[in-house]
Structure formats: C-alpha cells, structure tokens
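Visitor: Predicted coordinates and the sequence they were generated for:
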Amino acid sequence: MPTPPPVSLALTALDIPHRLFVHPGPVSSLEQAAAERGQTPEQVVRSLLFRLEEGRYVMVLAAGPAQIDWTALRAHLGVSRLTTADRDEVQTVTGYPIGAVAPFGMATPVPVLVDSSVAEQSEVSIGSGVRGTTVILSTADLLAALGETAVLSLRSEKTD
C-alpha cells in the first residue's frame, strides 16, 4: 500500500476521520473535481495563501466558487496591503503544489481563516498534499481539526 498523502497523515495524527478520493485522470475545473467526487462545487474547499509582508502569510479557506472580499480580509487582518502568494511561495510555505494545498501538515504553519461559505456545508473536500487526490471529511471535523480558527464572512458580494 502506498504511503498516504501528507494531509491524510496529519489528520490521522489528530484522530480526525476522513477518506481519500483519487481522481481517475487530470482535473481541469472545479466543476469536474466536484462531479467526480459526488459533490457540489461549494463542497470543494480552496486553500488560498496570501502574503501580508515579506515572510508573513495567512491561509483562507473558501468554498468552491466563493470569492474573497479583499477589503474585508485586509480589515480583519489590520493590514492595508496583501497579495496572493505566487506558485513558488505556495510550494515553499505549504510544501504542496497548487491544486493540492490544505491547512494541515504544511512545511511552515500559518494562521488559517475560514470563510463562512465553508461552514455552510455538511461535508467538504480539501487538498491532500498530492495532486489528483483529495481528502473528504465532515465540516465539523475540519473545523475541529483546525482548533481555534476564526470563521468569518469574507465572501465578496460581487458576481462576475
């Protein structure tokens, strides 16, 4: 049996029940990922890494298509400026490639905020640390594993 992905190992160490799902091939969209997992796009949690300043980061978990309101995020963090981390920063800080990022077992622990869009779901999927494989768990277990993480309304009301 191959070694479980790093996020699964981290959740197992925390005694958090979860299951793995391996996609049958490459995933090219949020909708495809959700359909293959038997979920809605809102159940696919995106782990977004933001740079606040050199060497200081925060991760925001958002449900599927939800867009983050940057003004609300900056206000909550008390900063006037932030940017999304680039591909290399994501890999360096989290230890995971884009598309497999999750808030567990990261190379460098960072604060994690959860948009209320995530808490609206009963079950979600998150990155496993390995592209093409996801971790599925109850939202209650996700929040329990995160501990004292703030659940905030960071959704943008704008629609594209």
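Guide: Looks like it came in fine. Remember, it's a predicted structure, so these values are computed and weren't measured experimentally.

Visitor: Go through stretch 65-76 and flag the buried ones.
Guide: For stretch 65-76, the neighbour count (16 or more other Cβ atoms under 10 Å) marks P65, A66, I68, D69, A72, L73, H76 as buried. From N, CA and C alone the C-beta is placed, and that goes for glycine too.

Visitor: mind checking the end-to-end distance for that stretch?
Guide: This stretch, stretch 65-76, spans 21 Å end to end (Cα to Cα, to the nearest Å).

Visitor: same thing with stretch 24-37?
Guide: Stretch 24-37: ends 10 Å apart by Cα to Cα.

Visitor: Quickly note the distance from the closest residue to V110 other than its chain neighbours to L48.
Guide: Nearest residue to V110, sequence neighbours excluded (Cβ to Cβ, 6 or more residues apart in numbering): Y57, at 4.6 Å. Distance from Y57 to L48, counting by Cβ to Cβ, to the nearest Å: 11 Å.

Visitor: Quickly find the element holding P97.
Guide: For P97, there is no enclosing helix or strand under DSSP states H and E.

Visitor: what about it, neighbour count?
Guide: Under the neighbour criterion other Cβ atoms under 10 Å, P97 is assigned a count of 14.

Visitor: Now do it, the pLDDT please.
Guide: The score at P97 is 95. That number is its pLDDT.

Visitor: The one 5 residues further on too?
Guide: pLDDT for A102: 96.

Visitor: OK, contacts around the nearest residue to it once chain neighbours are set aside?
Guide: Using Cβ to Cβ, 6+ apart and skipping the chain neighbours, the partner closest in space to A102 is G127 (4.0 Å). Residues in contact with G127 (Cβ atoms under 8 Å, 6 or more residues apart in numbering) are V7, S47, Y96, G99, A100, V101, A102, T134, V135.

Visitor: try 10 Å this time
Guide: By Cβ atoms under 10 Å, 6 or more residues apart in numbering, the contact list for G127 reads 5-7, 44-47, 94, 96-104, 133-135.

Visitor: before we move on, back to that, quickly list what the residue nearest to V110 is bridged to.
Guide: Taking DSSP bridges, one obtains R51 as the residues bridged to Y57.
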